[in-house]
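Student: Any chance you could fold what I've pasted below:
(one chain, ligands or ions: 1)
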Amino acid sequence: MLLSGKTALVLGIANRWSIAYAISAAYVREGAKLILTYQSERQKATVEDLSAELKAFKVLPCDVTKPEELDSLVSQLRIDAGRIDACVHSIAFANREDLSRPFLETSRDGFLLAQEVSAYSLVAVARAIAPLMPDGGSIQTLTYLGSTRVVTNYNVMGVAKASLEASMRYLASELGSKNIRVNAISAGPIKTASARAVKDLTKMLDAFAEHAPLRRNTDPAEVADTSVFLASDLGRGVTGNVIFVDAGFQIMGLA
Ligand SMILES: NC(=O)c1ccc[n+]([C@@H]2O[C@H](COP(=O)([O-])OP(=O)(O)OC[C@H]3O[C@@H](n4cnc5c(N)ncnc54)[C@H](O)[C@@H]3O)[C@@H](O)[C@H]2O)c1
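Tutor: Sure, this is the predicted structure:
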């Protein structure tokens with residue numbers, strides 16, 4: 001029960017395969033009081049069903065591109081929970097065509113959209129939630145190796161993840177004096193709705209399992225357990241880091 005007595009806000013469940021779902025399940029297992037958000041009416045019923053299954057305390061709407069929704073989320077959290085100890089940002093989006101055609105063809109709108117939803121939203125979420133962490137807390141985001149290495153077809157999302165990781169470091173630096181830790185978990189590829197938008201995902205998963213030191217793909221449950229560590233007091237000395245949960249893939253050069 002590593003998270004007993006803690007309240008956690010998890011943004012980014014779309015369905016049962018979402019990394020945020022695995023994280024939520026692990027948080028409940030460890031005794032956290034769980035609050036979930038959904039992006040839009042389209043996902044509301046699914047997230048409410050999953051929330052009932054997880055015995056979450058509350059489900060609230062939040063499209064991170066709408067400042068008014070973030071504002072009402074914070075007002076509601078103040079009333080319902082008063083305090084947040086852990087906040088997981090598990091959100092990204094890019095146009096499907098930007099995850100298949102050459103990076104050189106990326107449109108201005110597609111580039112800005114990926115940056116807004118996948119990187120800037122961490123800044124907006126951190127600014128909104130930090131005041132609800134008066135005694136400190138843990139803010140986490142999900143990233144991928146495509147931020148620092150070229151991964152074919154990851155393209156515009158790789159650039160957004162680079163921006164996300166840099167944002168995480170600046171936030172960690174500024175929020176450290178409030179005892180708020182900010183970290184990113186870099187997960188290996190996992191078959192989720194977002195990942196399916198990347199062209200040739202299956203090829204990527206096969207190559208990954210062949211070359212990763214652990215010779216297998218990444219299990220969302222192991223990403224979730226690392227998130228538990230970061231949210232718990234065990235992670236109290238860790239901030240500003242990108243922690244790889246990727247079966248070791250990122251250490252490999254030529255295999
Ligand atoms: N699946 C992978 O291979 C993998 C690997 C490394 C990192 N990640 C990252 O993990 C995170 C979660 O992705 P996932 O793989 O679980 O896929 P997913 O599709 O299940 O989750 C993505 C979530 O982002 C949400 N979202 C998109 N736009 C939003 C908006 N405007 N407002 C609020 N929410 C919005 C979606 O509703 C969805 O819940 C993403 O940041 C992704 O880049 C995924």
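Student: who are the neighbours in contact with G136?
Tutor: By Cβ atoms under 8 Å, 6 or more residues apart in numbering, the residues touching G136 are K178, N179, I180, R181. For every residue, glycine as well, the C-beta is placed using N, CA and C.
Student: ok so the last one is a strand residue?
Tutor: By that I understand R181. Yes. Checked against DSSP: H, G, I helix; E, B strand; the rest coil, R181 lies within a strand.
Student: Quick check: it vs the ligand, distance?
Tutor: Taking Cβ to the nearest ligand atom, to the nearest Å as the measure, R181 falls 19 Å from the ligand.
Student: again with the second one
Tutor: In this structure, N179 and the ligand are 25 Å apart, going by Cβ to the nearest ligand atom.
Student: on that earlier part again, scan the contacts of G136 and report the most crowded one.
Tutor: Counting neighbours by other Cβ atoms under 10 Å, R181 leads the contacts of G136 with 25 neighbours.
Student: Any idea what that one is bridged to?
Tutor: Applying DSSP bridges to R181 gives these bridge partners: S138.
Student: Any chance of TSV for the contacts of G136, columns pLDDT?
Tutor: Converted to TSV, the contacts of G136 look like this (pLDDT from 0 to 100):
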residue	pLDDT
K178	98
N179	98
I180	98
R181	99
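Student: Of these, which is the nearest to K66?
Tutor: I180 (23.7 Å; Cβ to Cβ).
Student: contacting residues for K44?
Tutor: Per Cβ under 8 Å, 6+ apart, neighbours of K44: Y38, P61.
Student: one more time with 7 Å, if that's ok
Tutor: K44 makes contacts with Y38, as judged by Cβ atoms under 7 Å, 6 or more residues apart in numbering.
Student: cool, the one 4 residues further on as well?
Tutor: The contact partners of E48, taken as Cβ under 7 Å, 6+ apart, are V59.
Student: Report the separation between it and the ligand.
Tutor: As judged by Cβ to the nearest ligand atom, E48 and the ligand stand 14 Å apart.
Student: same thing with E210?
Tutor: Separation of E210 from the ligand (Cβ to the nearest ligand atom): 17 Å.
Student: Look up phi and psi at that residue.
Tutor: Per-residue torsions, E210: phi -70, psi -40 (degrees, to the nearest 10).
Student: what about the closest residue to it other than its chain neighbours, how many neighbours?
Tutor: Leaving aside its chain neighbours, E210 sits nearest to A255 (8.0 Å; criterion: Cβ to Cβ, 6 or more residues apart in numbering). When neighbours are counted by other Cβ under 10 Å, A255 registers 9.
Student: now Y120
Tutor: Y120 has 17 nearby residues by other Cβ under 10 Å.
Student: quick one: average confidence on the helix or strand harbouring L112?
Tutor: Using DSSP states H and E, L112 maps to helix 108-115. The pLDDT scores in helix 108-115 average 98.
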